[in-house]
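Model the structure of this input:
(one chain, ligands or ions: 2)
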Amino acid sequence: MKPIAIITGATSGIGEACVHRFIEAGFRVIATGRNVEKLNHLHDRFGADLLPLVFDVRDREVAEGAIASLPADWKEIDVLVNNAGLALGLDPEYQGDYTDWDTMIDTNIKGLLTMTRVVVPGMVERNRGHIINIGSVAGDAAYANGNVYCATKAAVKSITDGLRIDVAHTELRVTLLKPGLVETNFSNIRFHGDEQRADNVYKGITPLTGDDIAAAAIYAVQAPGHVQIAEMLILATHQANGSTIVRKN
Ligand code: NDP
Ligand code: 8X3
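Ligands and ions are numbered 1, 2, ... in the order given. From the prediction side, this is the model:
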C-alpha cells in the first residue's frame, strides 16, 4: 500500500507543488483546502491517488470532523505538511489592521496547531510519521512592516521545536522548512489583489518556486529513518535574509 501524505493549502503555490511531488514520489495525497473547484481539478488530474478534503483550517470542529471521517484506507497518515498560511498587509505595527492580524494568527498558528492536534496522535500510536511545517525566513527576524506575519512564523518555529521534543521518544520526525521569496499567490493575497505591488516583490531577482520547496520536503521525507532534517532555510540566491535582497535591473 502506498504511504499517505496530507497537505494543507494544497490549492495553490507551495502546497500544490507538494501535491505533485508527493504523488510523483509514490504517495497517495489527501489534498485539503477551501477552493472546491481547484481540489476537484486536482482530483481529475490524479484520480485514485488523491483524496480532496474541503475545509478551512481555522474551523477546528470541521477540521476534526474531516479527519475523523476519512475512509478507512486513508486514515493512516504518514506525512503531514502544514502549509496553509498567508500574510495580509505590510504596514507599520501601529497602523495594522485588526482583522488581518486575526486572520494570520488564526490560520498560520492556530490552524497549524489544530492539524497537528488531530493528525499526530495517530502517528504516535503507530510510531510512524513525519510532520513538515512551513515556516519562513520571516520567522528568523522581523523585517520592516512584517510585524505580525513575522511573529506567526516565529511561532511556527517554536511550535515545531516543541513538537520535535515531545515526540523525541518515538520514530516520528519533525521538519521546519523556512523559505525566502517564493513566487506564488502569496503576494497577491498579502496586497489584497494589488498585482502591481505583488509583482514588484519579485522584480530584479529570480525567486524560488513552489516546486523548489516541495523538493526540499521530499528530501526530508526520503532521508533514511535515522536522519531527521530538523530545519532548512531555503533562500533565492540573491537573498541573504528577510530584509537583504540584491536586485538587478
Ligand atoms: P499561496 O497563496 O499560493 O497558497 C496558500 C495556500 O494556503 C492556498 O492553498 C490557500 O487556499 C491556503 N489557505 C490559506 N488560508 C487557508 C485557510 N484558512 N484554510 C485552508 N487553506 C488556507 O501561498 P504560498 O504557497 O506561498 O504559501 C504557502 C505557505 O508558505 C504559507 O504558510 C506561507 O506563509 C509560506 N511561505 C511562503 C513564502 C513565499 O514567499 N511565497 C515564503 C515563506 C513561507 P485558498 O486558495 O483557499 O486561500
Ligand atoms: C514569506 C517570505 O520574506 O515575504 O514568508 O516574508 S517573506
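
for the residue nearest the centre of the chain, what are its contacts?
Nearest to the geometric centre of the chain sits residue 83, at 1.4 Å (Cα atoms, centre = their mean). Shown in contact with residue 83 (Cβ atoms under 8 Å, 6 or more residues apart in numbering): 7, 8, 9, 10, 14, 15, 18, 134. To be clear about C-beta, it is placed using only N, CA and C from the backbone, and glycine gets the same treatment.

Narrow the residues you listed to those in strands?
7, 134 (DSSP state E).

Determine which two of the contacts of residue 83 are furthest apart.
The two members of these with the most space between them (Cβ to Cβ) are 10 and 134, at 12.1 Å.

Say whether ligand 1 is contacted by stretch 50-66.
Yes: residues of stretch 50-66 contacting ligand 1 under Cβ under 6 Å from any ligand atom: 56, 57, 58.

I'd like these as CSV, with distance to residue 231 appended.
Listed next are those as CSV, based on distance: Cβ to Cβ, whole Å:
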residue, distance to residue 231
56, 28
57, 22
58, 26
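
so how far is residue 246 from residue 206?
11 Å (Cβ to Cβ, to the nearest Å).

So in this protein, which helix runs the longest?
helix 147-166 (DSSP state H).

which residues are contacting that one?
Counting by Cβ under 8 Å, 6+ apart, 85, 87-88, 92-93, 96, 100-101, 104-105, 108-109, 112-113, 116, 120, 131, 133-136, 138-143, 174-176, 178, 190, 228, 230-231, 242 sit against helix 147-166.

which among those are in contact with ligand 1?
Here is what survives when the contacts of helix 147-166 are matched to ligand 1 using Cβ under 6 Å from any ligand atom: 85, 134, 136.

Now do the residue nearest to the last one when sequence neighbours are not counted, the pLDDT please.
With sequence-adjacent residues excluded and distances taken as Cβ to Cβ, 6 or more residues apart in numbering, residue 136 is closest to residue 153, at 4.0 Å. Note for residue 153: predicted pLDDT of 99.

What distance do you get for residue 153 to ligand 2?
Distance of residue 153 to ligand 2, given as Cβ to the nearest ligand atom, to the nearest Å: 6 Å.

Ok, residue 11 next?
18 Å.

need the contact list for that residue.
Residue 11 neighbours (Cβ under 8 Å, 6+ apart): 31, 33, 34, 35, 38, 39, 42.

Then residue 237?
Going by Cβ under 8 Å, 6+ apart, the list of residues near residue 237 reads residue 206.
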